[in-house]
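1. sequence and predicted structure below; questions after.
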Amino acid sequence: MSIRSEILDRKGRPDSVTRLDFRILVDDQGNARTELLQAFKNGKDVSAEMKKSIEVREAKEAKAADKKDRFSISMSDIPFNPDKQQNVTVRDHAEKQLMFGRTCQRFDFSFETAITRTKKKESLTWIGKAWLDENSGIPVKLEFSIEPLPKNVYRFWTIYIYEISTEQDWTLKEVKVEGQGGFLFIKKSFRSTTIFSDYRRRPQKGVEK
């Protein structure tokens, strides 16, 4: 997994660029953890400093796990999850677009979900557009904002791009986020791109690797 984050100046040009490369490891119980492989700040290799910073932060968070204002989101908490369909409202739309060689139908949607902040759930609504392959119905692109917006954030737009390897196998390939936030008279625009690759199925119990 690779993350590129940019802070933009008033003309929309990158003022600061950070790239982080991670490896996601999953144990036999399905618990995932991330391992930082390398980090760059404005083209400079800062891997050692970043790894040390992560170690210090994780140690502090472990000691103050119940006090720190933290939130978590499940990657399976999406409007395409069959178990979440009761929380999804969909409206058909006439618009069609050619995306990645596929004719896609637009659907407007809202998705009632929640984040967990300091062990307490807070309601959250996704509002946006889903683009599905016209023939198979498989998701190709999802774009949305959220309500309410995070504190001190004025604009927030997220795009999910999916990769289809077979008609039954599709995975999240890319996540793009753009927004603007600030405090008092200071405003900053930001954007980030997260790329997922090297998907591997977790071996089932009793199956030789």
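-> Arrived safely.
2. report the next helix or strand after the worst-scoring helix or strand of the chain on mean pLDDT in sequence order.
-> Lowest mean confidence among the helices and strands of the chain (mean pLDDT, DSSP states H and E): strand 71-72, at a mean of 51. Next in sequence after strand 71-72, counting helices and strands by DSSP states H and E, comes strand 88-99.
3. three-state assignment of the most centrally placed residue in the chain?
-> The centre of the chain sits closest to V175, judged by C-alpha atoms, centre = their mean, with a distance of 5.3 Å. Using DSSP: H, G, I helix; E, B strand; the rest coil, the structure places V175 in strand.
4. hang on, I164 packs against K141?
-> No. Checked against C-beta atoms under 8 Å, the pair I164 and K141 is beyond contact range at 11.3 Å. Where you see a C-beta, it was placed from the backbone N, CA and C, and this is true even at glycine.
5. between the two, which contacts overlap?
-> Common neighbours of I164 and K141 are not found (criterion: C-beta atoms under 8 Å, 6 or more residues apart in numbering).
6. in the chain, which spans are strands?
-> Along the chain, counting by DSSP state E, strands occupy 2-8, 14-26, 32-41, 44-45, 71-72, 88-99, 102-117, 120-133, 139-147, 153-166, 169-183, 186-195.
7. give me the angle between the third one and strand 2-8.
-> With axes from the mean of the first three to the mean of the last three C-alpha atoms, to 10 degrees applied, the angle from strand 32-41 to strand 2-8 works out at 50 degrees.
8. re earlier: closest to K51 out of the strands of the chain?
-> For K51, the closest of the strands of the chain is strand 32-41, at 5.5 Å, according to C-beta to C-beta.
9. got the CA positions of the closest one in PDB?
-> This file holds the C-alpha atoms of strand 32-41, laid out as PDB (Å, rounded to 0.1, in the frame of the first residue of the first chain):
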ATOM      1  CA  ALA A  32      -4.300  -6.800  10.400                       C
ATOM      2  CA  ARG A  33      -1.300  -4.600  11.100                       C
ATOM      3  CA  THR A  34       0.700  -2.200   9.000                       C
ATOM      4  CA  GLU A  35       4.400  -2.100   8.700                       C
ATOM      5  CA  LEU A  36       6.100   1.000   7.300                       C
ATOM      6  CA  LEU A  37       8.600   0.100   4.600                       C
ATOM      7  CA  GLN A  38       9.800   3.500   3.500                       C
ATOM      8  CA  ALA A  39       8.900   7.200   3.700                       C
ATOM      9  CA  PHE A  40       9.800  10.300   1.700                       C
ATOM     10  CA  LYS A  41       9.300  14.000   2.600                       C
END
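10. just the strands of the chain: most buried one?
-> strand 139-147 (a mean of 18; mean count of other C-beta atoms under 10 Å).
11. could you give the angle of it to strand 153-166?
-> 160 degrees.
12. neighbouring strands for strand 139-147, and are they parallel or not?
-> strand 120-133 (antiparallel), strand 153-166 (antiparallel) (DSSP bridges).
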